[in-house]
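# Provided below are the primary sequence and the corresponding predicted coordinates.
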Amino acid sequence: ASSTPCKNYFLTLQDRTFTSELTPDIFLSGEVHGDETVGPSTVLYLSSLLATASSCVLEHFTDDGDSGSNCSEWYSLGYVFSDALWLSRLLKSRRIII
């Protein structure tokens with residue numbers, strides 16, 4: 001019987017405006033032992049958190065007149081704007097591969 005190899009999916013998060021080929025990479029894997037379910041869920045949640053934070057920061061500085069009005073999802077998670085600034089900085093200074 002032939003076995004089919006497992007498919008591996010990768011998600012890359014970065015702000016291409018600020019990153020280049022010289023930008024450091026961070027690799028996050030949720031499959032340390034291969035049979036645990038909390039790891040994949042955690043890295044997917046982290047990717048969502050990074051994307052939401054960056055979106056909030058972008059909207060905050062590009063909205064005309066009503067800055068930050070589209071950050072309601074971010075604030076509903078219990079975070080403050082300074083948290084979003086810090087997390088969005090990661091995407092400006094690193095290429096994160098999950």
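Ah, there it is. Residues are numbered from 1 along each chain as shown.

# ranges for the strands of the protein?
Taking DSSP state E, the strands of the chain run over residues 12-13, 25-27, 95-97.

# hmm, who's touching the first one?
Strand 12-13 is touched from outside by 47, 50-51, 91, 95-98, with contacts defined as C-beta atoms under 8 Å, 6 or more residues apart in numbering. From N, CA and C alone the C-beta is placed, and that goes for glycine too.

# So what are the sheet partners of that strand and their directions?
Here strand 12-13 is paired, per DSSP bridges, with strand 95-97 (antiparallel).

# Check which helices and strands the helix or strand of the chain with the lowest mean pLDDT sits against.
Ranked by mean pLDDT, DSSP states H and E, the weakest helix or strand in the chain is helix 72-76, scoring a mean of 85. Counting contacts by 3 or more C-beta pairs under 8 Å, 6 or more residues apart in numbering; DSSP states H and E, helix 72-76 is packed against helix 38-62.

# pLDDT averaged over the helix it packs on, what's the number?
Per-residue pLDDT over helix 38-62 has a mean of 88.

# That helix packs against which elements?
If contacts are counted by 3+ C-beta pairs under 8 Å, 6+ apart, helix 38-62 sits against strand 12-13, helix 72-76, helix 81-93.

# which parts of the longest one are buried?
Along helix 81-93, the positions that meet the burial threshold by neighbour count (16 or more other C-beta atoms under 10 Å) are 81, 84, 87-88, 90-91.

# same thing with the second one?
By neighbour count on 16+ other C-beta under 10 Å, the buried set for helix 72-76 is Trp74.
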